[in-house]
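Q: below: sequence and its predicted model.
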Number of protein chains: 2
Amino acid sequence: MLPAGLSAFPLTPLVDDVVDERAFAGLVERLAGAGVDSITALGSTGSYAYLTAGERARVARLAVEHAGSTPVIVGVGALRTSHVLEHVAGAEEAGAKGVLLAPMTYQPLTDDDVHALFRTVTESTDLPVVVYDNPGTTHFRFSTELYGRIAELPGIASIKIPGVPADPAAAREHVAAIRAVVPEHVTIGVSGDGMAAAGLAAGCEAWYSVIGGTLPQPALEITRAVGEGRIADALAASDRLTPLWDLFAEYGGSLRVVAAIAEHLGLVAPHCLPLPIQGLADDQRARVVEVVARLGLVG
Amino acid sequence: MLPAGLSAFPLTPLVDDVVDERAFAGLVERLAGAGVDSITALGSTGSYAYLTAGERARVARLAVEHAGSTPVIVGVGALRTSHVLEHVAGAEEAGAKGVLLAPMTYQPLTDDDVHALFRTVTESTDLPVVVYDNPGTTHFRFSTELYGRIAELPGIASIKIPGVPADPAAAREHVAAIRAVVPEHVTIGVSGDGMAAAGLAAGCEAWYSVIGGTLPQPALEITRAVGEGRIADALAASDRLTPLWDLFAEYGGSLRVVAAIAEHLGLVAPHCLPLPIQGLADDQRARVVEVVARLGLVG
């Protein structure tokens, strides 16, 4: 399995600090029903970093059980290498089709530390590994050269990059520079939902999508347009969602906004994020609801 | 107990991914024997963020058992509030005299998130709480105003600030600005070893010290000089260690350097840090050994 197309990142909702398994199963079934190309459980949006090994193994199993024929990728990141390996084992036992690994940090890591982490993981599993470059949460900065070194490891299947430059030519150049150091069989996937259409247009083969985990339809519309060569349609569909991308920027990232949308839709219970993350304030939630209603994304 | 004077932060050494309990006990006994004012187990230097709840409870117990009459503070930070509370319970059961809490982040936290975290913890324990401001690892930035809001919570005993400006007048102004919003009974402690003498000279009552956890004598010399009003002596003693502070800066922080010193001294086994942190390369270790020997800190 080479991750390509739309990979949707569902929330892992909590109720009173316990994983809401029924709501999670419902999110996964909704994504599979919508026809996303893969589901990435326990991504950053799925709060992997906050959950115990037991919770993560259980969530991985639920994801695979409820995804039907849709392949499931499972996030396995942790601060300690031995814990990563424990999560990899949990993903394997669950029947995951791949793992997503971000180099979480508390103490800053060197390039050699991160390379050795990916080498250890690829040596310990036959599952394809997605390299998860998410500097906003990990505070680790990959260089293009490090992408290349890691992508040479057997088992690396994809690189999830945090975004592309806004200018189309610069975006193509950025993706081409990564492609030049990364083997053919390794896909390049964009994240940062507001940049996704631009990233796909610039040559990324996948979109690792936060919004696609809660509102799959608009994400599929953009992904399919690019797949059919209708680049202008994809960019226009993304542009239409600018008020939503603006809320992501204004409210400190996509997570709190997407959780508020899922809570508003009744897909998850109120206050579904792990404390200390309190989620949006009431006035912020009202703005989110107004924006998604105005954009025709709900109801 | 109000944390004041020198609080020494020992490593939590590992061997083959298992806590080296004998070496840890030896580090604690060494610090107590040297006469440090308190020992903070499971600080950043003690790799708290990498250890399981079981490992942390065990390390807290060992610290208290081997510290004799020296008070032990225990680091309780975690990404999830419920896990913090679990670590607080472990510290209480161990007989800790205080807890140290850093607002660890994966998703960025708001000021309100962090305030609520400290409120929850202070409401759940009678132990004094040290607010741990360590932006280099947590990536959370406290404002002086937030120090003030949190310091008002009953149970807050101290604030560990990441450093002070190099200019003495600016340092005094910085500490005075914090003091102005923090109740009298809350101590202000400096970290960032290279800035500690300047911080103590500027009015900080405590030094939360990395180097003091492995080489207590030079840290005590600086702390005692300030305590006796010999500010110039303290600053001179710190200046003499500039080659060591420079290595901290050059090698990405104090942890890898201090681990290399402890390994060189045979206090801990080689490669004592949790993977993926590989520690210093051989040529870097050689420089560390050369510097500490030249400064007369070992042997």
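A: Nice, thanks for sending it over.
Q: low-confidence bits of chain A, can you list those?
A: A:1-2, A:299 (pLDDT under 70).
Q: would you map the strands across chain A?
A: A:5-8, A:14-15, A:18-19, A:38-41, A:72-75, A:98-101, A:129-132, A:156-161, A:187-190, A:206-209 (DSSP state E).
Q: kindly reformat those as a markdown table containing distance to chain B and mean neighbour count.
A: No exception for glycine: its C-beta is placed from N, CA and C like everyone else's. Shown next, in a markdown table, are those (distance: least, CB to the nearest CB, whole Å; neighbours: other CB atoms under 10 Å in any protein chain shown):
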| stretch | distance to chain B | mean neighbour count |
| --- | --- | --- |
| strand A:5-8 | 19 | 28 |
| strand A:14-15 | 10 | 20 |
| strand A:18-19 | 10 | 15 |
| strand A:38-41 | 16 | 30 |
| strand A:72-75 | 11 | 30 |
| strand A:98-101 | 11 | 27 |
| strand A:129-132 | 12 | 27 |
| strand A:156-161 | 16 | 25 |
| strand A:187-190 | 20 | 25 |
| strand A:206-209 | 16 | 30 |
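Q: now these as CSV including distance to B:Ala260?
A: Shown next, in CSV, are these (distance: least, CB to CB, whole Å):
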stretch, distance to B:Ala260
strand A:5-8, 41
strand A:14-15, 41
strand A:18-19, 41
strand A:38-41, 39
strand A:72-75, 33
strand A:98-101, 28
strand A:129-132, 29
strand A:156-161, 31
strand A:187-190, 38
strand A:206-209, 38
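Q: right, and those strands - which one's nearest B:Leu11?
A: Closest approach to B:Leu11 among these (CB to CB): strand A:98-101, 26.9 Å.
Q: parallel or antiparallel, list what pairs with the closest one.
A: strand A:72-75 (parallel), strand A:129-132 (parallel) (DSSP bridges).
Q: just the C-alphas of that strand, formatted as PDB.
A: Presented in PDB, the C-alpha positions along strand A:98-101 are these (Å, rounded to 0.1, in the frame of the first residue of the first chain):
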ATOM      1  CA  GLY A  98       0.900   1.200   7.800                       C
ATOM      2  CA  VAL A  99       2.200   3.300  10.600                       C
ATOM      3  CA  LEU A 100       2.800   7.100  10.900                       C
ATOM      4  CA  LEU A 101       5.700   8.200  12.900                       C
END
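Q: quick one: contacts of it?
A: By CB atoms under 8 Å, 6 or more residues apart in numbering or on different chains, the residues outside strand A:98-101 that reach it are A:1, A:3, A:38, A:40, A:42-43, A:71, A:73-77, A:84, A:87-88, A:91, A:117-118, A:121, A:125, A:127-132, A:157-158, A:160.
Q: try stretch A:187-194
A: With CB under 8 Å, 6+ apart, stretch A:187-194 has contacts from A:2-4, A:7, A:130, A:134, A:157-164, A:175, A:178-179, A:182, A:196, A:198-200, A:203-212, A:219, A:238, A:241-242, A:245, A:248-249, A:254.
Q: in ChimeraX, how would I select the buried members of those?
A: Burial among the contacts of stretch A:187-194 is assessed by 16 or more other CB atoms under 10 Å in any protein chain shown; the matching ChimeraX selection reads:
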select /A:3,4,7,130,134,157,158,159,160,161,162,163,164,175,178,179,182,196,198,199,200,203,204,205,206,207,208,209,210,211,212,219,238,241,245,248,254
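Q: what about the helices in the stretch 151-299 of chain A?
A: A:168-181, A:196-201, A:216-227, A:231-240, A:242-250, A:254-264, A:282-294 (DSSP state H, counting those that start in this stretch).
Q: what does the last one contact?
A: Under the criterion CB under 8 Å, 6+ apart, residues A:215, A:243-244, A:247, A:251, A:256-257, A:260-261, A:263-264, A:280, A:298-299 lie in contact with helix A:282-294.
Q: buried among these? Make that a PyMOL selection.
A: In PyMOL, this line selects whichever of those come out buried by 16+ other CB under 10 Å:
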select buried, chain A and resi 215+244+247+251+256+257+260+261+263+264+280
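Q: can you pull the contacts of the nearest residue to A:Phe140 once chain neighbours are set aside?
A: Of all residues not flanking A:Phe140 in the chain, A:Pro103 sits nearest, at 4.8 Å (CB to CB, 6 or more residues apart in numbering or on different chains). Taking CB under 8 Å, 6+ apart, we find A:Pro103 in contact with A:77, A:109, A:113-114, A:117, A:132, A:138, A:140, B:276.
Q: one more time with 6 Å
A: A:109, A:114, A:138, A:140 (CB atoms under 6 Å, 6 or more residues apart in numbering or on different chains).
Q: okay but A:Ala57 is in contact with A:Gly90, surely?
A: Yes - applying CB atoms under 6 Å as the test, A:Ala57 and A:Gly90 come out as touching, 3.5 Å apart.
Q: contact partners for A:Leu109?
A: A:103, A:140.
Q: ok, the one 5 residues further on next?
A: Residues in contact with A:Val114 (CB under 6 Å, 6+ apart) are A:Pro103.
Q: and chain A, which residues reach chain B?
A: A:17, A:49-50, A:79-82, A:106-108, A:113, A:117, A:137, A:139, A:252, A:255, A:274-278 (CB under 6 Å from any CB of the partner chain).
Q: am I right that A:His66 is in contact with A:Ala25?
A: Yes - in this structure, A:His66 is within contact of A:Ala25 by CB under 6 Å, at 4.5 Å.
Q: can you pick out the residue with more neighbours from these two?
A: A:His66 (21 against 17; other CB atoms under 10 Å in any protein chain shown).
Q: could I get the strands paired with strand A:98-101 as CSV with distance to A:Ala232?
A: Formatted as CSV, the strands paired with strand A:98-101 follow (distance: least, CB to CB, whole Å):
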stretch, distance to A:Ala232
strand A:72-75, 30
strand A:129-132, 29
